[in-house]
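Visitor: let's see this in three dimensions:
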Amino acid sequence: MSFQVTVQPSGRQFACDEGETILNAAIRAGVGLPYGCKNGACSSCKGKLISGNITHGAHQEKALPVTEEALGLSLFCCATPHSDVTIEAREVAGVGEFPVRKMPSRIAKIEKVADDVVIISLQLPATERLQYLAGQYIEFMLRDGKRRSYSMANAPHKDAQISVHIRHMPGGLFTDQVFSTLKERDILRFEGPLGTFFLREDSAKPVVLLASGTGFAPIKAIIEQMIHNESGRAMTLYWGGRRPQDLYMHALCEEWARTIPAFTYVPVISNAHADDHWDGRNGFVHQAVLTDFPDLSAYQVYACGAPIVVDSAKRDFVNLCHLPAEEFYADAFTSEADLA
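Guide: Sure, this is the predicted structure:
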């Protein structure tokens, strides 16, 4: 049995199988509902249920408070319909441009760039190339059926390989394996491209790029895409970490700042030690943006990192710096701890 989902105001319709979430059905149908984590933690897929019956699966209270659910709001990533439904959601143009595929990949290189960060380069089959938008992510499919999401850290034009940045989360099912037993030439299967966090190339607005930790990965892909496009749009990158070593590609960002006239780099450290000899900006990374850009009304912002960083940035940029809410694009990295 399947149910029909109608999206307003576009009028787009797609079928949703019994037991399937509205978001998964939309992805399968190439309908661009906004989303991020796909597991009820980030609220990117929140919309309104206009008619019909649904059941919500497990999700975080902060993503969909009971008071909002009572008003008819829904998280489509964990909403399963029991009848035909009509929803209200802002569709994202371009999401369905490239098909979501399951693909094998071979680890071509594992590079340790910090004590707790590695960059893995994945070689795709010679006859296939993954088409995606700069900023999107893939899901590794693990043997026990679980999945782990990582953003592509290179722009799609770069080469036949894709790279991901992985931070070690002690006790993590996947990252413990990455930092102990995973080796070059091992095979990893993934599904992608996924996500509605990507560069909007139809705008001439200057951009502020905000990253914390390995949230730098999709931001790097977006910057590379803008360089490749020769867009000329002003770019200001704020990259935050606790210690200087957390900015594991600091030299690359400094090179961009030296060689790209429209590019500015602002590294920000929140917990520098005396022996770090850090003489740059201190504090929380989004607050550095608040200081430098009291008026963001004419900008786009792309933010990626820990949920607390992304949530704080959106709240303060919109409420204090006059950023139009629709010009804040974000990908909040969620771990298993974030889902508890």
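
Visitor: which other helices and strands does the longest strand along the chain contact?
Guide: Assignment by DSSP state E gives strand 101-114 as the longest strand of the chain. Applying 3 or more CB pairs under 8 Å, 6 or more residues apart in numbering; DSSP states H and E, one finds that strand 101-114 makes contact with strand 117-123, strand 161-167, strand 187-194. For glycine as for every other residue, the C-beta is placed from the backbone atoms N, C-alpha and C.

Visitor: quick one: closest of those to Pro104.
Guide: Closest to Pro104 of those is strand 187-194 (CB to CB; 5.3 Å).

Visitor: give me the mean pLDDT for the helix or strand just after the closest one.
Guide: Downstream of strand 187-194, the first helix or strand assigned by DSSP states H and E is strand 207-212. Per-residue pLDDT values over strand 207-212 give a mean of 98.

Visitor: returning to what we had before: average pLDDT across the longest strand of the chain?
Guide: Across strand 101-114, the average pLDDT comes to 95.

Visitor: in it, what counts as buried?
Guide: By neighbour count on 16 or more other CB atoms under 10 Å, the buried set for strand 101-114 is Met103, Ser105, Ile107, Ala108, Ile110, Ala114.

Visitor: mind putting those residues into JSON lines with distance to Leu296?
Guide: Shown next, in JSON lines, are those (distance: CB to CB, whole Å):
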{"residue": "Met103", "distance to Leu296": "38"}
{"residue": "Ser105", "distance to Leu296": "38"}
{"residue": "Ile107", "distance to Leu296": "40"}
{"residue": "Ala108", "distance to Leu296": "40"}
{"residue": "Ile110", "distance to Leu296": "38"}
{"residue": "Ala114", "distance to Leu296": "31"}
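
Visitor: distance of the closest residue to Val208 other than its chain neighbours relative to Gly241?
Guide: Nearest non-adjacent residue to Val208, counting by CB to CB, 6 or more residues apart in numbering: Val301, 4.8 Å away. Distance of Val301 to Gly241, computed by CB to CB, to the nearest Å: 19 Å.

Visitor: also Pro267?
Guide: Separation of Pro267 from Gly241 (CB to CB) stands at 8 Å.

Visitor: count of residues packed around Ala155?
Guide: Using other CB atoms under 10 Å, Ala155 has 22 neighbouring residues.

Visitor: are we agreed that it is in a strand?
Guide: No - using DSSP: H, G, I helix; E, B strand; the rest coil, the assignment for Ala155 is coil, not a strand.

Visitor: could you pull up the contacting residues of it?
Guide: Ala134, Ala221, Ile222, Glu224, Gln225, His228 (CB atoms under 8 Å, 6 or more residues apart in numbering).

Visitor: which one of those residues is nearest Arg189?
Guide: Comparing the contacts of Ala155 against Arg189 with CB to CB picks out Ala221 as the nearest, at 21.3 Å.

Visitor: excluding chain neighbours, what is closest to that closest one?
Guide: Spatially, and ignoring its direct neighbours in sequence, Ala221 is nearest to Ala134 (4.2 Å; CB to CB, 6+ apart).

Visitor: ditto for Glu184
Guide: Nearest to Glu184 is Ile107, by CB to CB, 6+ apart, at 5.2 Å.

Visitor: hmm, back to that, looking at the helices and strands packed on strand 101-114, spot the one closest to Val208.
Guide: Nearest of the helices and strands packed on strand 101-114 to Val208, taken as CB to CB: strand 161-167 at 20.7 Å.
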